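Chemist: model the following, please.
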Amino acid sequence: MIKIYTKIFAILFPIFLYGCAQPLANLPEYNQQLSIEEQKIQNQLFADSWLNTYIDVSETGLNILFNAVDLCLAEDQIMGIGVDIATRYDGPEAIRSELTKKLLLTDEITVIATGINTPARKAGLLQGDKIIKINGVDAPYGINANADFYKIIRDSKEKKHKLLVTRNGQNKTITVESKNRCRFGFYVDLDNNNFNAFADGNVIALSLRMAKWLAQDDLGIALVFAHELGHNANHHIDDKTTNMQAGAGIGLLLDIIARSQGLQTDFMNTGANIGALSYSINYENEADYLSVYAIALSGYNIDDAANFWRRFAVEVPSSIYSKGGSHPSTGERYVRIERTIKEVYSKINNGEKPLPN
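Modeler: Numbering: from 1, shown residues only. Next up is the predicted model:
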């Protein structure tokens, strides 16, 4: 029976296609190979766009991680020099070959970025430098070089490091002193559709679309990065997890009682959701509060920090009347940050280091 239907379909389908309306224009000859070559060009352009955005985030992020280190607990501080590095094995896999081509990456460690105000920048390290030796010993090499390099700096008992680098074909020795920084990592994903940033307790992540938008503003990347740092520095993710578990526990107890009466319920899931949202707006307000201090400590002009939320409201108008969800409205954020700016300046004018209450 199936064979008969297959034969009928094979006979009728060409007739169907012949009877369908068709484009009438006489198109120029199409070359599939040229299309494949154009795809490569477009993917390189996308990789270049991602890289430029990532470097902006890296420069700003490293600056904040070092200079706002007082906002992080001692357990969340590590030693670093403020350098972003890569080999040909690093970067998002979808554009890795394009990044390798753009940055001339090899198995050797290549400097991708240094923070705006970090030990690496002050010592004179530049993008494109290849790190050959650390304190007279061959630098890590190959697929694990990135992680091994940071481990050497983090675990070293010495604070001053002599780096032998190759720059424009010439060897150069640079001495850089490691300092405390907040331990959190960061990345820009390839998502050019969603407008999002988040912290998970260990890293700070921005979608490509959001990072591009933020890069148009002098304070954009700094303020959002500092906001997410506030979440991680104050362990908001741990708190939310605890609240979620508490809510789930209460819900489970109610489920057990309900089922003893022959009722099927799902209070456990409901309780978990309620717990996860408990104090969510308060956590967001606290992260906003800390963000102003973080950028002040990192050398940014905080005068325009409140206005950022007006620009955000234009981009995401649903945030203007946000109510009862997980985030405060942009109106509330504007007013609260205005007050925080005054508080920071009051401390600075009194000769105090701007640290949050």
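
Chemist: tell me which residues form a beta bridge with the nearest residue to Ile109 once chain neighbours are set aside?
Modeler: Counting by C-beta to C-beta, 6 or more residues apart in numbering, Ile109 lies nearest to Ile131, which is 4.4 Å off, once chain neighbours are set aside. (Each C-beta comes from the backbone N, C-alpha and C, glycine too.) Partner residues in beta bridges with Ile131, using DSSP bridges, are Ile109, Val165.

Chemist: quick one, longest helix in the protein?
Modeler: Counting by DSSP state H, the longest helix found in the chain is helix 32-67.

Chemist: same for the next helix or strand after that one, what does it pack against?
Modeler: Using DSSP states H and E, the helix or strand that follows helix 32-67 in sequence is strand 77-80. With contacts defined as 3 or more C-beta pairs under 8 Å, 6 or more residues apart in numbering; DSSP states H and E, strand 77-80 has these neighbours: helix 145-155, strand 179-182.

Chemist: quick check: buried residues in stretch 95-112?
Modeler: 95-100, 103, 105, 108-112 (16 or more other C-beta atoms under 10 Å).

Chemist: contacts for that stretch next, please.
Modeler: The set of residues external to stretch 95-112 that reach it, using C-beta atoms under 8 Å, 6 or more residues apart in numbering, is 43-44, 46-48, 50-51, 55, 58, 83-92, 120, 125-132, 139-142, 145-146, 149, 165, 190.

Chemist: give me the buried entries from these.
Modeler: The buried subset of the contacts of stretch 95-112 (16+ other C-beta under 10 Å) comprises 44, 46-47, 50-51, 55, 58, 83-88, 90-92, 120, 125, 129-132, 139-140, 145-146, 149, 165.

Chemist: any idea which element Ala120 lies in?
Modeler: helix 119-123.

Chemist: just the CA coordinates for that helix, please, in CSV.
Modeler: Extracted C-alpha coordinates of helix 119-123, given in CSV (Å, rounded to 0.1, in the frame of the first residue of the first chain):
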residue,chain,number,x,y,z
PRO,A,119,48.7,46.8,36.6
ALA,A,120,49.1,45.4,33.1
ARG,A,121,48.1,48.7,31.4
LYS,A,122,50.4,50.7,33.8
ALA,A,123,53.3,48.3,33.1
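
Chemist: didn't the residue nearest to Ile109 look like it was pressed against Leu164?
Modeler: Yes. Counting by C-beta atoms under 8 Å, Ile131 touches Leu164, with 7.5 Å between them.

Chemist: Ala305 against Gly220, yeah?
Modeler: No. Assessed by C-beta under 8 Å, Ala305 is found out of contact with Gly220, at 10.6 Å.

Chemist: partner residues bridging the residue nearest the centre of the chain?
Modeler: Nearest to the geometric centre of the chain sits Ala205, at 2.4 Å (C-alpha atoms, centre = their mean). Counting by DSSP bridges, Ala205 is bridged to Tyr187, Phe198.

Chemist: distance of it from Leu65?
Modeler: 14 Å (C-beta to C-beta, to the nearest Å).

Chemist: OK, contacts around Thr114?
Modeler: Contacts of Thr114 (C-beta under 8 Å, 6+ apart): Glu59, Leu62, Gly82, Val83, Asp84, Ala120, Arg121, Leu125, Leu126, Gln127.

Chemist: which of the three states applies to Ile174?
Modeler: What DSSP: H, G, I helix; E, B strand; the rest coil gives for Ile174 is strand.

Chemist: wait, isn't it in contact with Ala123?
Modeler: Yes. Counting by C-beta under 8 Å, Ile174 does reach Ala123; the two are 5.3 Å apart.

Chemist: so for Phe195, which of the helices and strands packed on strand 77-80 sits nearest?
Modeler: strand 179-182 (25.1 Å; C-beta to C-beta).

Chemist: list the contacts for the nearest residue to Asp138 once chain neighbours are set aside?
Modeler: Distances taken as C-beta to C-beta, 6+ apart put Ile132 closest to Asp138, at 7.3 Å, once the chain neighbours are dropped. By C-beta under 8 Å, 6+ apart, the contact set of Ile132 is Glu108, Asp138, Ala139, Leu164, Val165, Thr166, Asn171.

Chemist: name the nearest of those relative to Glu352.
Modeler: Lowest distance from Glu352 to the contacts of Ile132 (C-beta to C-beta) belongs to Val165, with 39.5 Å.

Chemist: mind checking how far the closest one is from Asn307?
Modeler: 41 Å.

Chemist: what is the burial count for the closest residue to Leu71 other than its chain neighbours?
Modeler: Leaving out its chain neighbours, the residue that sits closest to Leu71 by C-beta to C-beta, 6+ apart is Ala233, at 4.9 Å. Ala233 has 22 neighbours, counted by other C-beta atoms under 10 Å.

Chemist: what's Ala233 in contact with, if anything?
Modeler: Leu71, Cys72, Leu73, Asp76, Cys182, Leu290.

Chemist: pipe those into a markdown table and attach distance to Glu338, pLDDT and neighbour count per row.
Modeler: Formatted as a markdown table, the contacts of Ala233 follow (distance: C-beta to C-beta, whole Å; pLDDT from 0 to 100; neighbours: other C-beta atoms under 10 Å):
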| residue | distance to Glu338 | pLDDT | neighbour count |
| --- | --- | --- | --- |
| Leu71 | 20 | 97 | 22 |
| Cys72 | 26 | 97 | 21 |
| Leu73 | 28 | 95 | 11 |
| Asp76 | 29 | 97 | 18 |
| Cys182 | 26 | 97 | 25 |
| Leu290 | 16 | 97 | 21 |
